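# give me coordinates for this.
(one chain, ligands or ions: 2)
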Amino acid sequence: MISLKRTSGGVRVDDKKDLSAGSPIEPAGIPGELVLFLSQHTGAPSKPVVKVQDLVKRGQLLAEPQGAISAALHAPTSGKVKAIEPRYHPIQGRLVDAIVLEPDGKNEVFEGVVPRARDLDSISGEEIIAFVREIGLVGLGGAAFPTAVKLTPPADKPIDTYLLNGAECEPYLTSDYRLMLEEAEVVIFGFRALLKAARVARGIVCIEDNKPEAISAMQRAMSPFPELDLAVLPSRYPRGGEKQLIEAVLGREVPPAGLPLDVGVIVSNVGTAFTLGKAIRTGLPLVERVISVTGEGVTRPSNFLALIGTPVSYLIEKAGGFSGTPGKVIMGGPMMGISVKSLDVPVLKGTSGIVVLKKEQVKKDKMLPCIRCGRCVDACPLRLLPVWMAAYAERGLLEEAERARVLDCCECGACAYECPAKRPLVQWIRMAKSEILAKRRAQNHARK
Ligand code: SF4
Ligand code: SF4
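Numbers count the residues shown, from 1 in each chain. Ligands and ions are numbered 1, 2, ... in the order given. Below you'll find the predicted structure:
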């Protein structure tokens, strides 16, 4: 087992994982309509290869990737392409083109969906990368970055370690926990495929110590493979962030504005490894994922294997409906997730959970003046100065905010969580980031 390095920042949160941790993964079923955004990953949107009225089957290609950073999109079940039209995107907060599929209930599988390999000796690293691209695999931890791009870093960035992120530090969410518990063997198979594809000799499975059963299951599954090691991390939010994980496990600091590959590391989520492992054995592309539907505001907190594109309302209904009066429905976890404005929005490839909070839990704290206590600074895992960044942002001092490294902020929310004056630090920081980036885009555009 890996011995951990000292890290700074982070906060202790009430993880509320007990609400859904005991709920085994169950299929959510097929809703009446699936909405599949062409842009549900980092990078360029995919381009439709089907047209309205086409009949498609489960696993059939619906849209192909465009450009170097993009991902393919497949039909989660059989049915008819009802429309290709803009729909409201819950993360981007605007209308985005989507393929709308009307399922026929038969769930017929496309003939091209066939197992790729029995074991990893019968598939090469290059074939795995091509397959990862073909199945539209993206990081399932939230950012949805195309995995094939991660597996092919530039030649001047040698990678020596691959981390499998099973920390799942966001409160409430237990989808990764259940995967590690129920599907440890497939997760490890997929992780070894990722290692082979990236030509990395050393893999470390990283899990927080609040998941002892998952640690045992993963330890058993990885024991035949000497190239794999285990790191058990004390639970502290946001330990599962890529940069924090690398620092805690390897003692390497990703430089400001840098990426894990700058310090010789690739990080993937356990859900990504599971999807690849299953896909190699069955041929099924990324068309479904495990999603926790949890929180005090649902009757039966659950973990569902849900088709990509399933409406949030359908999943809440499957979880027994609302318990009491809902106050907030969050896509993702409560720390970094996005509050959804309509329950009609669909889940995306990067959706790990739906958290429903009751009305009485969503009290609006009165914001008070900053008392210069420094707790936000102590909480920041990236050693930033949230109090200053937010103060500059609030006053519209964008240059000062940029100099204070506002663009490095990962928006983890640890600072705001700790602030006794209830100052909306992340909101201000986020606003400054988007204004700085918009200004840069406008300047680049003017130069062309
Ligand atoms: S939201 Fe940004 S500033 Fe606040 S703790 Fe996280 S990384 Fe630091
Ligand atoms: S934690 Fe809140 S009150 Fe304390 S210094 Fe930071 S912004 Fe000010």
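
# contacts and neighbour counts: CA atoms only from here.
Noted.

# neighbours of residue 434, just the number please.
Neighbour count for residue 434, taken as other C-alpha atoms under 10 Å: 12.

# ok but it is inside a helix, no?
Yes: membership of residue 434 in a helix is supported by DSSP: H, G, I helix; E, B strand; the rest coil.

# and the gap between it and residue 410?
Taking C-alpha to C-alpha, to the nearest Å as the measure, residue 434 falls 13 Å from residue 410.

# now swap in residue 151 and tell me
23 Å.

# how much space separates the residue nearest the centre of the chain from residue 57?
The centroid of the chain falls nearest to residue 142 when counting by C-alpha atoms, centre = their mean (1.6 Å). Using C-alpha to C-alpha, one obtains 27 Å as the distance from residue 142 to residue 57.

# and the strands in the stretch 201-350 of the chain?
Taking DSSP state E, counting those that start in this stretch as the criterion, the stretch 201-350 of the chain carries its strands at 202-208, 228-233, 265-269, 288-294, 302-307, 326-331, 338-339.

# and the third one with strand 202-208, angle?
Here strand 265-269 points in a direction 50 degrees away from that of strand 202-208 (axes from the mean of the first three to the mean of the last three C-alpha atoms, to 10 degrees).

# if we can go back for a sec, isn't there a strand covering the residue nearest to the centre of the chain?
No: judged by three-state DSSP, residue 142 forms no part of a strand; its state is coil.

# which positions in the stretch 251-400 of the chain make contact with ligand 1?
Applying C-alpha under 6 Å from any ligand atom, one finds that the stretch 251-400 of the chain approaches ligand 1 through 379-382, 384, 386.

# for the residues you listed, pick the one with the most neighbours.
residue 386 (28 neighbours).

# can you pull the contacts of that one?
376-377, 380, 415, 425, 429 (C-alpha atoms under 8 Å, 6 or more residues apart in numbering).

# of these, which belong to helices?
Secondary structure from DSSP state H places 376-377, 415, 425, 429 of the contacts of residue 386 in helices.

# ok, those vs ligand 2, which is closest?
Of all the ones in helices among the contacts of residue 386, residue 376 has the smallest distance to ligand 2: 4.1 Å, by C-alpha to the nearest ligand atom.

# wait, that closest one sits on residue 414?
Yes: counting by C-alpha atoms under 8 Å, residue 414 is a contact partner of residue 376 at 7.4 Å.

# between the two, who's got more neighbours?
residue 414 (27 against 24).

# end to end on stretch 410-422, go ahead and measure it.
Calculated as C-alpha to C-alpha, the first-to-last residue distance of stretch 410-422 is 19 Å.

# so where do the strands sit in the stretch 1-150 of the chain?
According to DSSP E, counting those that start in this stretch, the stretch 1-150 of the chain carries its strands in the segments 25-27, 34-37, 47-48, 55-56, 61-64, 73-74, 79-89, 94-103.

# since that was my last question, I'll sign off now.
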